[in-house]
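Chemist: just to be clear, the model below is a prediction. Sequence and coordinates:
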Amino acid sequence: MMRAIVYEIPVRLFTNGTRKRVPRGTLAQNGSGRFEDLGDACLEAIRSLGVTHIWLLGALRQATLTAHPGLPADHARVVKGVAGSYYAIKDYFDVCPDYAVNPADRLAEFRRLVDRIHAHSMKVLIDLVPNHVARAYHSVIRPKLDFGLDDDRSAFFSPRNDFFHLVEPEGQALWIEPPAGSGAAGGWPGEDGVDGRVPRVSGNNQTLARLGPDDWYDTVKLNFGYDFVTTEKRFDPIPPSWWKLDEIIAYWQGMGVDGFRCDFAHWIPVEFWTFAIGRARGRDARVTFLAEAFDNWDAVPGYSKAALVEAGFDAVYDEPAFRTAKRISQGVGWANDLDILLDEGQLEGRLLRYTENHDERRAASPIVQGVEPRQSGFGSARAGIAVSQALWLAGCGPILLYAGQESGEPGGDAEGYSGLDGRTTIFDYWSLPRLQAWSNGGAWDGGGSSWAERQCRKSYAELLRIASREEFATGRRWGLNHANRNEPSYGHHGQWMWSVLRHLPGKASLAIVNLSSSESFETRVRIPPEAQRAAGWPDAGSAVFDPLGSFGSRVEVSLSELAEHGVPVAVPSSTGEVFSITVRGGSA
């Protein structure tokens with residue numbers, strides 16, 4: 001079974017060769033990546049990492065301050081940044097004209113990119129954002145399917161409406177207070193309370209007409225027949241929004257798209273997912289659905305990760321594993337806590353693991369103490385690789401690699417709307433120097449990269465190759481910290497070291513990771529008798545450990561010694577070692 005490895009590409013930034021980086025700069029100043037620039041050399045470089053799926057982040061047309069022929073700019077008060085958020089979708093049936101050589105030919109250029117990706121034996125994912133759309137949503141491709149055309153604007157909630165309307169108090173108008181430096185506070189003509197232009201609930205469930213800097217004020221929430229205030233569900237007859245989303249999914253399937261990364265899936269009724277995924281699979285049984293979903297208190301009734309899998313999702317974000325790793329890097333958690341990675345239960349193989357994505361701080365960004373784990377980085381590119389080894393080699397599910405991660409992108413720029421936050425902007429025109437260096441003028445051979453950046457990419461390619469091995473893609477797991485954490489040399493009793501045995505009949509590997517950014521450890525890793533029996537090893541004999549990566553040396557120890565004393569290893573700081581294991585002799 002091939003393990004899915006998803007490479008997340010922000011199209012706006014990925015191939016942008018412009019070296020001028022003006023904070024809050026325009027398209028003319030800072031440029032944009034284009035579909036055409038994701039050519040054969042680029043795609044082959046991506047595929048060589050082991051990638052199976054390319055997620056084209058921000059491909060759909062979003063609200064923006066940039067005008068194109070026939071596509072006027074949006075009102076500045078309902079756009080975040082200059083380019084606009086990838087998640088304020090303006091037209092669900094269109095792609096962003098910024099990414100086209102000829103904006104009028106943008107859909108054809110997108111389709112040619114899909115064909116190129118397929119020609120390089122990879123699949124294409126795009127975003128599905130069912131919770132919200134841009135405030136000024138309007139499709140130029142399918143205008144008859146616009147949301148809200150037939151809404152009863154006198155009702156806050158109706159199962160026949162596409163939006164939630166703020167009807168009380170009567171006559172109120174939308175008022176937006178953007179972040180400092182993002183323009184003046186004020187209203188928006190589209191929801192000024194006059195002639196039926198009623199304010200609508202924002203994408204983050206804000207039921208007040210006054211929105212602040214932390215609100216998703218550039219978006220409006222879609223209604224799926226579920227009243228998030230009262231938790232009432234009314235799905236019979238099927239709400240109009242369900243059919244419109246089905247039309248959207250079918251449209252992109254017809255364009256050759258192979259699947260969808262579904263934003264904030266826990267805020268959408270599970271019943272809708274069963275409906276939508278079932279219909280999509282009726283059109284193509286192989287279509288992929290990945291869910292960004294969190295176990296928050298405000299999830300819809302009936303939600304759970306297991307329920308989403310039952311509804312048809314191929315995998316769901318494993319945010320608890322990500323947070324656990326962040327806590328360890330901050331020094332407030334221990335590597336022993338990573339045993340959570342081994343308790344997947346019915347979700348085995350269905351948890352998507354990541355060390356960064358467009359919502360999170362870059363792995364190489366600094367560690368920040370005293371904050372919620374998501375607001376800290378892992379401290380360095382090398383630390384990000386070590387954490388990735390722990391998260392990815394412990395499970396069987398899909399892996400997410402964010403573009404630039406493989407070169408150690410630090411997220412150290414204040415690009416515009418979001419400021420200096422350790423992330424790569426999703427709101428502004430920008431470019432990434434480390435990706436530019438790797439592209440080397442279109443050769444995509446790393447010719448402009450530093451030695452450290454090339455080594456980083458090599459390490460990720462090596463790690464993804466190992467993660468795709470059969471024992472890691474489908475094998476059983478046995479956590480080894482319980483058997484080793486009494487030893488001080490084992491990363492201070494398991495504070496910093498973590499190890500796991502992965503095995504199938506006749507095949508096994510040992511993965512060890514040191515998550516300390518400052519200390520190296522020489523220790524011995526025990527594989528206890530019960531783990532050996534679980535792997536089907538004989539009662540006597542020896543085990544040969546061959547390094548699969550760049551670190552470690554070949555060593556052979558008897559099975560009895562392995563159980564009592566362990567295999568000797570020396571693990572530098574922020575480093576992992578992986579060994580394939582060959583068992584010799586003895587009787588089963």
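Modeler: Alright, I've got the coordinates. Numbering: from 1, shown residues only.
Chemist: per-residue pLDDT of the residue nearest the centre of the chain, please?
Modeler: The chain has residue 357 as the residue nearest its centroid, 4.5 Å off, counting by C-alpha atoms, centre = their mean. Residue 357 carries a pLDDT score of 97 in this model.
Chemist: ok, and the closest non-adjacent residue to it?
Modeler: Using C-beta to C-beta, 6 or more residues apart in numbering and skipping the chain neighbours, the partner closest in space to residue 357 is residue 402 (5.1 Å). From N, CA and C alone the C-beta is placed, and that goes for glycine too.
Chemist: same check on residue 173?
Modeler: Nearest to residue 173 is residue 193, by C-beta to C-beta, 6+ apart, at 4.0 Å.
Chemist: go ahead and confirm that neighbour touches residue 169.
Modeler: No. Using C-beta atoms under 8 Å, residue 193 is not in contact with residue 169; the gap is 9.7 Å.
Chemist: who has more neighbours out of these two?
Modeler: Using other C-beta atoms under 10 Å as the criterion, residue 193 and residue 169 rank with residue 193 on top: 17 against 8.
Chemist: give the contact list for that one.
Modeler: Listed by C-beta atoms under 8 Å, 6 or more residues apart in numbering, the contact partners of residue 193 are 171-174, 199.
Chemist: how about residues contacting the biggest helix by length in the chain?
Modeler: Assignment by DSSP state H gives helix 451-467 as the longest helix of the chain. In this structure, residues lying in contact with helix 451-467 by C-beta under 8 Å, 6+ apart are 3, 5, 48-51, 381-382, 385, 388-389, 392-393, 399, 401, 405-408, 434, 437-438, 446, 449, 472-473, 509, 548-550, 576, 578.
Chemist: those residues in helices, which ones?
Modeler: If you go by DSSP H, the contacts of helix 451-467 have 381-382, 385, 388-389, 392-393, 434, 437-438, 472-473 in helices.
Chemist: so where's the chain uncertain?
Modeler: Residues of the chain that meet the criterion pLDDT under 70 lie in 1, 586-588.
Chemist: same thing but at 90, please
Modeler: Low-confidence regions of the chain, defined by pLDDT under 90, span residues 1-2, 20, 180-184, 340-346, 418, 549-553, 585-588.
Chemist: could you break it into its assigned domains?
Modeler: 5-139+235-467, 148-221, 475-584 (automatic domain parsing).
Chemist: and these as a markdown table, adding distance to residue 227?
Modeler: Below are the domains of the chain laid out as a markdown table (distance: least, C-beta to C-beta, whole Å):
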| stretch | distance to residue 227 |
| --- | --- |
| domain 5-139+235-467 | 10 |
| domain 148-221 | 4 |
| domain 475-584 | 42 |
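Chemist: what ranges does the stretch 151-300 of the chain have for its helices?
Modeler: Secondary structure of the stretch 151-300 of the chain (DSSP state H, counting those that start in this stretch): helices located at 240-254, 270-283.
Chemist: what angle do the longest strand belonging to the chain and helix 381-393 make?
Modeler: Secondary structure of the chain per DSSP state E: the longest strand is strand 575-584. Angle, strand 575-584 to helix 381-393, by axes from the mean of the first three to the mean of the last three C-alpha atoms, to 10 degrees: 40 degrees.
Chemist: partner strands of strand 575-584, with direction?
Modeler: Using DSSP bridges, the strands paired with strand 575-584 in its sheet are strand 507-514 (antiparallel), strand 542-547 (antiparallel).
Chemist: how far does that strand sit from its chain's centre?
Modeler: 29 Å (C-alpha atoms, centre = their mean, to the nearest Å).
Chemist: alpha carbons only: can I get it in PDB?
Modeler: Only the C-alpha atoms of strand 575-584 are listed here, as PDB (Å, rounded to 0.1, in the frame of the first residue of the first chain):
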ATOM      1  CA  THR A 575      18.700  14.000  15.200                       C
ATOM      2  CA  GLY A 576      17.100  10.700  14.600                       C
ATOM      3  CA  GLU A 577      18.500   7.300  13.700                       C
ATOM      4  CA  VAL A 578      16.600   4.500  11.900                       C
ATOM      5  CA  PHE A 579      17.800   0.900  11.600                       C
ATOM      6  CA  SER A 580      16.400  -2.000   9.700                       C
ATOM      7  CA  ILE A 581      16.500  -5.200  11.700                       C
ATOM      8  CA  THR A 582      17.500  -8.600  10.500                       C
ATOM      9  CA  VAL A 583      17.000 -11.500  13.000                       C
ATOM     10  CA  ARG A 584      19.200 -14.500  12.700                       C
END
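Chemist: just the buried residues of it, please?
Modeler: The neighbour-count check on strand 575-584 (16 or more other C-beta atoms under 10 Å) flags 575-581, 583 as buried.
Chemist: make TSV from these and add distance to residue 487 to it.
Modeler: Output for the buried residues of strand 575-584, formatted as TSV (distance: C-beta to C-beta, whole Å):
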residue	distance to residue 487
575	19
576	18
577	17
578	20
579	19
580	24
581	20
583	24
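Chemist: between those residues, which is closest to residue 92?
Modeler: Comparing those against residue 92 with C-beta to C-beta places residue 576 closest, at 41.7 Å.
Chemist: would you agree residue 188 is in contact with residue 79?
Modeler: No. Judged on C-beta under 8 Å, residue 188 makes no contact with residue 79 at a distance of 10.4 Å.
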